[in-house]
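Undergrad: coords please:
(chains A and B)
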Amino acid sequence: MYDLRNPVLGAAIALTTVMMLTVFSSFPASAQNSTLERPARNAHDLEQMVRQDCGSCHGMTFKGGLGSPLLPENIAHYSIDDLTTIILDGLPGTAMPPWRAIVTPDEAAWMARYLKTGDPE
Amino acid sequence: MKRTAFSARFFATSFRAARSLIAVGGILILAACASAPTPRGTADLATVIARATGQVAILDTSAKQFIGIIDGLGDLSHASIVYSRDGRFAFVFGRDGGLTKVDILGHKIVKRTLQAGNSIGGAISQDGKLVAVANYEPGGVRVFNSDTLEMVADIPALVGDGPDRSKVIGLVDAPDNRFVFSLWDSGEIWVADFSTGNTPVITRYKDVGIQPYDALITSNGRYYIAGLFGEDGMALLDLWHPENGVKRILDHYGKGQERLPVYKMPHLEGWAIAGKRAFVPAVGHHEVLVIDTETWQQIGAIPVHGQPVFVMAHPDNRHVWVNFSVPDYDTVQIIDTESLAIVGELKPGKGVLHMEFSSRGDQIWLSVRDDNKVIGYNPYTFEPIAELPLPSPSGIFMSSRAGKIGL
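TA: Numbers count the residues shown, from 1 in each chain, chains lettered A, B, ... in the order given. Now for the predicted structure:
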C-alpha cells in the first residue's frame, strides 16, 4: 500500500523519525526546566518579551499606553515581590492579565527586577 | 552556551537586516545622483513600521523590494499610518505623540510635530484636509491641517465636565468630514463634525459600555462599532441615524462566563466583512466569531489556534486571515468564509504582528517581528513570494488606504 521508494513518503518517514528522536532526547532537559512544554527563556528572550509584549500596552520604552507607565519612578512603591505577583496573577478590574499560564515565577521575578533596577541578574 | 548561540543568531539576523538596509541606502544614493527620476504612481507602494528603530520602510509591492527607509520617527511601539488624498504622503502616528508627514516618493520627512505625550492612532478627514490624532496623554483628540501640520482644533476628552480626561481610542473618519472616537475611561462615543469648518460640533453619547478598547467603522462609513473590554457586548452607532443613539449589540461578545486572560487587545480595524457575515476576533477565547451583519447576531464560532488579534478579509472575500497574540504568534490561519473551515495554516516565524493585502488581493504581506522580516505570500497558493529583512517590523499599510473610508 505504501511504496517506501516514494521519495515524499520516505522523506516524511525520515522527518518523523528525527522528530521523535528529538522529542525523546529532550525529555531530561525539559524536566530540569520544570516545564515540559518549552525550554526556559534566556535573558535575551525575557528582555525581548518585556520590551515587545509587555510593551504592547505599556510602551516599548515603558512610558505607558493603555497600560500604566512602568519606569522605575512609576513603580517605586511596589516591591519586586509585588510586581512578580502582579505579573503572575494580573490586576483584577483592570486590563492587566495573569501571565501565569505562559510565564514561570522565576521569569516573572526576572522581569520585576528588570523593571525595578534594570539589573535583572 | 545556548544563550551564546542564540545571541549569535540574533546578531547575524540583525547584521543581515543592516546590510540589506545599507544596500537600499546605496541604491538611493545612486538614484539621487542620476538626473530627474522617472515619474511613478504610489498605488503599489506600502509603508512598513520598524517599531524598535523608529523607522518606516517603503515597500514596492510590484518589485517586491524595499525601496527606501526613513529614520527619526520616534517611539513607534504602537504606530499607525493614514495617507493623503493623493496617496503621496503618509501620516505616521507614533506612541510618543509624534505626528510625522512622510513623502513616500521622495523618501523623506516633510513635517514632524510632537503633538502630545502619548498617542494611539489617527485618521484623515474625508476631504483630506484634516488629520486627527487620538491621545492618551493628554486625553483627547487634536486635529491638524494636513498641509502644514498646524493645529486647528483641540478636543479634550473630558470625563463629565472635567477636569479629568479620558484616554481616547478607536478614532476613525466618517463621511461628511466627521471624526468618531471612544473614551476608554468614561465609556462614551463622541462624534466631532467638521463639515461646517474647523470649529467642530461635538455630539457625546454617554454610557455606551465599560472600557471601549478599540473600534471600527464599516467600509461604507455607516456603522461605528466599539468593542468593550470591561463587559460583554459591543456598542453600535448607526451614522445614518445618529438620532437613534448608541445601541448594544452582541451581548455575548466578549470574555464571557469564563474570563480568560487577554494577553493583547484584539484589533477591530481589520474586522472582516464578507458578504453579510462579519468575522471578528473573540476576546481571550481561541475563537473567531461569525456575525450576521443584518441582525447583528452571532451565528457561529470557529475554533482557532490562539487568541486572535487581526482578522483580515481578502479583497475577494473568499478567505479571512487570522493572526494571534503571544504566545501563539508564530502562526497564521486561513478560514474559508463559505464553509467556515480552516483551509490553511502558516508558520511564518515568531511574532507575526500584522497582515495587509494588496488592494486587489494578489498579495498579502506579513510582518514577523522577532525574526526581523516581512514576508509576502500568494494568498491563493499560500506560497511565499518574497522575504525581506527589516528590524522589528509591525504595521504594514498599503497606500490604497488613501481611497478608503475609515482607513
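
Undergrad: every contact and neighbour count from this point should use C-alpha atoms.
TA: OK.

Undergrad: what sits against whatever residue of chain A ends up closest to chain B?
TA: With CA to the nearest CA as the measure, A:Pro97 is the residue of chain A nearest to chain B, at 4.9 Å. The contact partners of A:Pro97, by CA atoms under 8 Å, 6 or more residues apart in numbering or on different chains, come to A:Ile87, A:Asp89, A:Gly90, A:Leu91, B:Pro261, B:Val262, B:Tyr263.

Undergrad: same deal with B:Leu289?
TA: For B:Leu289, the contacting residues are B:Phe279, B:Val280, B:Pro281, B:Ala282, B:Gln298, B:Ile299, B:Gly300, B:Ala301, B:Ile302, by CA under 8 Å, 6+ apart.

Undergrad: what does chain A have sitting close to chain B?
TA: Counting by CA under 8 Å from any CA of the partner chain, the positions of chain A adjacent to chain B are A:42-44, A:52-53, A:55-57, A:59-61, A:64-66, A:93, A:95, A:97-99, A:102.

Undergrad: quick check: ChimeraX command selecting the buried ones in those.
TA: Of these, the buried ones go into a single ChimeraX selection, burial set by 16 or more other CA atoms under 10 Å in any protein chain shown:
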select /A:43,52,53,55,56,57,59,60,61,64,65,66,95,97,98,99
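
Undergrad: so can I have JSON lines of the contacts of A:Pro97 showing distance to B:Asp292, pLDDT and neighbour count?
TA: Formatted as JSON lines, the entries for the contacts of A:Pro97 read as follows, by distance: CA to CA, whole Å; pLDDT from 0 to 100; neighbours: other CA atoms under 10 Å in any protein chain shown:
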{"residue": "A:Ile87", "distance to B:Asp292": "38", "pLDDT": "95", "neighbour count": "24"}
{"residue": "A:Asp89", "distance to B:Asp292": "36", "pLDDT": "94", "neighbour count": "16"}
{"residue": "A:Gly90", "distance to B:Asp292": "34", "pLDDT": "93", "neighbour count": "18"}
{"residue": "A:Leu91", "distance to B:Asp292": "35", "pLDDT": "92", "neighbour count": "13"}
{"residue": "B:Pro261", "distance to B:Asp292": "27", "pLDDT": "84", "neighbour count": "20"}
{"residue": "B:Val262", "distance to B:Asp292": "25", "pLDDT": "87", "neighbour count": "20"}
{"residue": "B:Tyr263", "distance to B:Asp292": "27", "pLDDT": "85", "neighbour count": "23"}
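
Undergrad: for those, give me TSV that also has distance to B:Arg318.
TA: Below are those laid out as TSV (distance: CA to CA, whole Å):
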residue	distance to B:Arg318
A:Ile87	40
A:Asp89	41
A:Gly90	39
A:Leu91	40
B:Pro261	31
B:Val262	29
B:Tyr263	29
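
Undergrad: turn these into TSV, columns for distance to B:Leu366 and secondary structure.
TA: Output for the contacts of A:Pro97, formatted as TSV (distance: CA to CA, whole Å; DSSP: H, G, I helix; E, B strand; the rest coil):
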residue	distance to B:Leu366	secondary structure
A:Ile87	30	helix
A:Asp89	32	helix
A:Gly90	31	coil
A:Leu91	33	coil
B:Pro261	26	coil
B:Val262	23	coil
B:Tyr263	20	coil
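
Undergrad: just give me the closest of those to B:Gly98.
TA: Nearest to B:Gly98, judged by CA to CA, of those is B:Tyr263 at 26.1 Å.

Undergrad: my guess is the closest one contacts B:Phe324, does it?
TA: No. Counting by CA atoms under 8 Å, B:Tyr263 stays clear of B:Phe324, with 9.9 Å between them.

Undergrad: so which of the residues of chain A next to chain B sit within helices?
TA: The members of the residues of chain A next to chain B that map onto helices under DSSP state H are A:Ala43, A:His44, A:Gly55, A:Ser56, A:Cys57.

Undergrad: ok, the last one touching A:Lys63?
TA: Read that as A:Cys57. No. A:Cys57 lies out of contact with A:Lys63 (CA under 8 Å); the separation is 9.9 Å.

Undergrad: tell me the helices in chain B, going along the chain?
TA: Using DSSP H, the helices of chain B run over B:2-33.

Undergrad: where does it dip in pLDDT?
TA: Residues of chain B meeting the criterion pLDDT under 70: B:1-36, B:254-259, B:270.

Undergrad: what parts of it come near chain A?
TA: So far as CA under 8 Å from any CA goes, chain B lies against chain A at B:3, B:7, B:52, B:75, B:77-78, B:95, B:118-120, B:136, B:167, B:229-230, B:261-264, B:326-327.

Undergrad: buried subset of those residues as a ChimeraX selection?
TA: Selection of buried members from the residues of chain B next to chain A for ChimeraX, criterion 16+ other CA under 10 Å:
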select /B:52,75,77,78,95,118,119,120,136,167,229,230,261,262,263,264,326,327
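
Undergrad: follow-up on the earlier one: which among the contacts of B:Leu289 end up buried?
TA: Among these, those classed as buried by neighbour count (16+ other CA under 10 Å) are B:Phe279, B:Val280, B:Pro281, B:Ala282, B:Gln298, B:Ala301, B:Ile302.

Undergrad: quick one, what contacts the fifth one?
TA: For B:Gln298, the contacting residues are B:Leu250, B:Leu289, B:Val290, B:Ile291, B:Asp292, taking CA under 8 Å, 6+ apart as the criterion.

Undergrad: what distance do you get for the last one to B:Ile335?
TA: Think B:Asp292. The gap separating B:Asp292 from B:Ile335 is 17 Å, by CA to CA, to the nearest Å.
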